[in-house]
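A.B. asks: With the sequence up front, the predicted model follows.
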2 protein chains.
Amino acid sequence: MGIRGRTRPSGGVTMEPASDERPKVVIVGAGFGGLWAARTLARRDVDVTLIDRNNFHTFFPLLYQVAAAELVPTDIAHPVRSIFRKSPSVDFHMLEVTGVDLEGRRVQAGDVSFAYDSLILAPGSVPHYFGVAGAQEHSFPLRWMADAVPLRHHVLTRFEAATHEPDPAVRRRMLTFTVVGGGPTGVEYAGALAELIEGPLLRDYARVRRSEVRVLVMEANDRVLGGMPASLGKYAAERLARQGVTVRLGVRVERVTADSVELAGGEVVPSETVVWTAGIQGDPIVASWGFPVGPGGRVPVTRELHLEDHPEVYVVGDLCGVVDEDGDPFPQVAQAAIQQGRRAALNILARAEGKSGDPFRFRDPGMLAVIGRNAAVAHVFGRAFRGFVAWVLWLVIHLAWLVGFRNRTLVLVNWGLNYLFFDRAVRLILDAAGEPDSRRVASGIDRVKD
Amino acid sequence: MGIRGRTRPSGGVTMEPASDERPKVVIVGAGFGGLWAARTLARRDVDVTLIDRNNFHTFFPLLYQVAAAELVPTDIAHPVRSIFRKSPSVDFHMLEVTGVDLEGRRVQAGDVSFAYDSLILAPGSVPHYFGVAGAQEHSFPLRWMADAVPLRHHVLTRFEAATHEPDPAVRRRMLTFTVVGGGPTGVEYAGALAELIEGPLLRDYARVRRSEVRVLVMEANDRVLGGMPASLGKYAAERLARQGVTVRLGVRVERVTADSVELAGGEVVPSETVVWTAGIQGDPIVASWGFPVGPGGRVPVTRELHLEDHPEVYVVGDLCGVVDEDGDPFPQVAQAAIQQGRRAALNILARAEGKSGDPFRFRDPGMLAVIGRNAAVAHVFGRAFRGFVAWVLWLVIHLAWLVGFRNRTLVLVNWGLNYLFFDRAVRLILDAAGEPDSRRVASGIDRVKD
């Protein structure tokens, strides 16, 4: 493939695929939905253009481990170009999509423009703050790779700062870590954070006493892990408590400031670190591109996953507003995105052959969450597992879904070392150190759209 | 050890060591010199305070591999606190030193102040630009950890940008990578960059042709690797040429701009990436602390490594201006820093016992540089090695000096995977992507002093 970019009179560049005869499929987003759609189309008789603002695919289920200093970003990310190295019909572009012309069938990314016959839209989701004042400004999301490292730095610099802080009240505030949301991400991060503190941090910071450090989980419902059987939520809460995490149920966060969380009822919890895992919503940018937006920021589509008015435009992943026979939505999880990506790709191929597409059916493989060493919960194969068995299941399933032999090897070596030495090596503070405000700068880089 | 910080009337904090009776040694800098001084003092009858602006020790000899997407920062860095976890007499502080009061025997780090009986100064070196116009503004140094990742991002984004660039002249400029300096760092980085391009990048960027990409080494002398025997320099230059690197000898860089290098004689080489490895000098900040500064920015000291006027103040590492019997300086390399750190520590212990210190003697273990796969040069044990034997020597020696079992394991696994798959996995672009100016912002974070 040579250089096929063509300068247009306007100064923009139009990218044309290698062949003008084969159907052109543009995929926006290389997360689970977009990546699996591209994989499904890679060796078929279509030209695929895959666009993502990052040059890598992120394995989100392990993102919290990057934020907890267990893994480095490279371990859970894979360069998209490498994935499609042997698929010349897949053309990757690292660009930020700025618009979609539904009538003209073009995707715009700044100056660069892509024509399509079929479009698969999979830009994913953003944190949902439910209108809580200050949450967006003062809490750390755990949604993108660019969120994880600033959070890790922030946690570590709280311990560094406490080393030089004589005032007990200020120390307490510095050393209180609040996780808002008791879903899988909140539970997993709280557990990993407790292990990070109990293992290496308390051993390394002689000037910090265990009694000064608190990890809190704030959950609005009366249980954690609401999507799993009640027995597993109970086990997870007990296990977190055993690891020193304070789980508070039925509390509603009303306001987040730079150094506190305010609860309904007036209670103020001093805390310089607030991690927001309470919810996600479809990326709102698609509304400005002319897409209809329904509940949860999701785009309503037919059961074949395309827009009602534009059967050539498919929406998959967290943004996909497909509902089942009963009108219920599907969960916003990796497996749903993967299966939707595949379904959209297969429906495009079917329509290219003059056949009709099939409706989306979700094969739910279950849910897992790890709480700590040898401790996890799993609701798979229609059964509930907990403890060591669930932990092994969790390890095997996550390794299996990681993209790439190298990532699997490195994650396995890292986990092995962490497990054997009760340690976390990824404790470098590499950005502007110690300045509380730097966290907004650093974590804002990749979140222009929020 | 409890909290011993004490708020002073001025609002500052004075850190006192655990015991007031034992001699207090403050060490500024946790590079090779400072770290080995602290290790030497760790189990002796002194209280050690170690201060560094980073919370980790960097293994600089492998920094270029981070910039060439072979390793991640964590692989070559080790948290300082973990190194001294079992040494309660070593107290680490992640702080930026702002001044030294030689008369009052205090080190100041912002609001925090440390009293000392003996001081070991080891802040290291900064790039030396020899007054070349634009070099500091427009070239990438390879001196600190914070330099390596922005350089990696910049190289990768040049390839991404070329994907959308139709103008052949602009593409050529984007895809020309210039390394200024043919010393070990320049040679190693040029070799690693050529392998990164030849291996994964040309395979992944179908829109970039091999003939469009150039890696240049600009060396002012008539040979590369000036510190090694001429035969090894010749081998290295030939080997680089075989890897597609253009080595230009006897050329003097007169100016660097955002998109070019100008040579003496008027030749202009269009290049958006200039890596500066031409020289280093002692960190000039010590002049503002009242230290005398001699040639190369180094602080003149006695042969026992202390200031003439202040026998309690030692200077080690790249900043140390000690000379041998003939008045010649020692090389600014890791081994010299390590041996000076040890010597300063031992001299402090000797003086504490009323004995006199010993003069510094350098046991030169030799020099090594790797050029590529199975190809290195080594001048060790008084002999010259090249090719595969030198490459194995290089691997073994570097692994041996890496701090920490985990780092050794991960580096070995990474090297093994790179070697087997001719690949580089660390190809994530994680900062503000594609904007040429973002590189200054990103790489400036840790280089406030430059």
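C.D. replies: Structure received. Source: prediction; values computed, not measured. Numbers count the residues shown, from 1 in each chain, chains lettered A, B, ... in the order given.
A.B. asks: what's the residue of the stretch 151-300 of chain A found nearest chain B in contact with, if anything?
C.D. replies: Of all residues in the stretch 151-300 of chain A, A:Asp204 sits closest to chain B, at 3.7 Å by Cβ to the nearest Cβ. Where you see a C-beta, it was placed from the backbone N, CA and C, and this is true even at glycine. A:Asp204 sits next to B:Pro79, B:Arg81, B:Ser82, B:Arg85 when contact means Cβ atoms under 8 Å, 6 or more residues apart in numbering or on different chains.
A.B. asks: List only those of those residues flagged as buried.
C.D. replies: The neighbour count (16 or more other Cβ atoms under 10 Å in any protein chain shown) marks B:Pro79, B:Arg81, B:Ser82 as buried among those.
A.B. asks: which one of the residues you listed sits closest to B:Gly183?
C.D. replies: Here the nearest of the buried ones among the contacts of A:Asp204 to B:Gly183, counting by Cβ to Cβ, is B:Pro79; it sits at 29.7 Å.
A.B. asks: For that closest one, which non-adjacent residue is closest in space?
C.D. replies: Closest residue in space to B:Pro79, ignoring its immediate chain neighbours: A:Arg427 at 4.6 Å, by Cβ to Cβ, 6 or more residues apart in numbering or on different chains.
A.B. asks: Please, where are all the helices along the stretch 1-150 of chain A?
C.D. replies: Remark: helices assigned in the stretch 1-150 of chain A by DSSP state H, counting those that start in this stretch are A:32-41, A:63-67, A:80-83, A:135-138, A:145-163.
A.B. asks: my bad, the stretch 151-300 of chain A
C.D. replies: Ranges of helices in the stretch 151-300 of chain A, per DSSP H, counting those that start in this stretch, are A:168-174, A:184-196, A:202-204, A:230-242, A:285-288.
A.B. asks: Buried deepest among those helices, which one?
C.D. replies: Mean neighbour count (mean count of other Cβ atoms under 10 Å in any protein chain shown) peaks for helix A:184-196 among the helices of the stretch 151-300 of chain A, with a mean of 26.
A.B. asks: Which elements pack onto that one?
C.D. replies: Contacts defined by 3 or more Cβ pairs under 8 Å, 6 or more residues apart in numbering or on different chains; DSSP states H and E place helix A:184-196 against helix A:63-67, strand A:176-180, strand A:214-219, helix A:230-242, strand A:245-249, strand A:367-372.
A.B. asks: mind putting these in CSV, distance to chain B and mean pLDDT included?
C.D. replies: Shown next, in CSV, are the helices and strands packed on helix A:184-196 (distance: least, Cβ to the nearest Cβ, whole Å; pLDDT from 0 to 100):
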stretch, distance to chain B, mean pLDDT
helix A:63-67, 11, 93
strand A:176-180, 17, 98
strand A:214-219, 17, 98
helix A:230-242, 25, 96
strand A:245-249, 23, 98
strand A:367-372, 20, 90
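A.B. asks: In TSV: these, plus distance to A:Asp324.
C.D. replies: Rendered in TSV, the data for the helices and strands packed on helix A:184-196 read as follows (distance: least, Cβ to Cβ, whole Å):
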stretch	distance to A:Asp324
helix A:63-67	28
strand A:176-180	30
strand A:214-219	27
helix A:230-242	23
strand A:245-249	30
strand A:367-372	18
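A.B. asks: Pick out whichever of the buried ones among the contacts of A:Asp204 sits closest to chain A.
C.D. replies: Closest to chain A, out of all of the buried ones among the contacts of A:Asp204 and judged by Cβ to the nearest Cβ, is B:Arg81, at 3.7 Å.
A.B. asks: separation between that closest one and A:Arg158?
C.D. replies: Distance of B:Arg81 to A:Arg158, computed by Cβ to Cβ, to the nearest Å: 14 Å.
A.B. asks: And for A:Ala109?
C.D. replies: A:Ala109 is 38 Å from A:Arg158, by Cβ to Cβ.
A.B. asks: With neighbour numbers in mind, choose between these two.
C.D. replies: More neighbours surround A:Arg158 than the other of A:Ala109 and A:Arg158, with 24 against 20 (other Cβ atoms under 10 Å in any protein chain shown).
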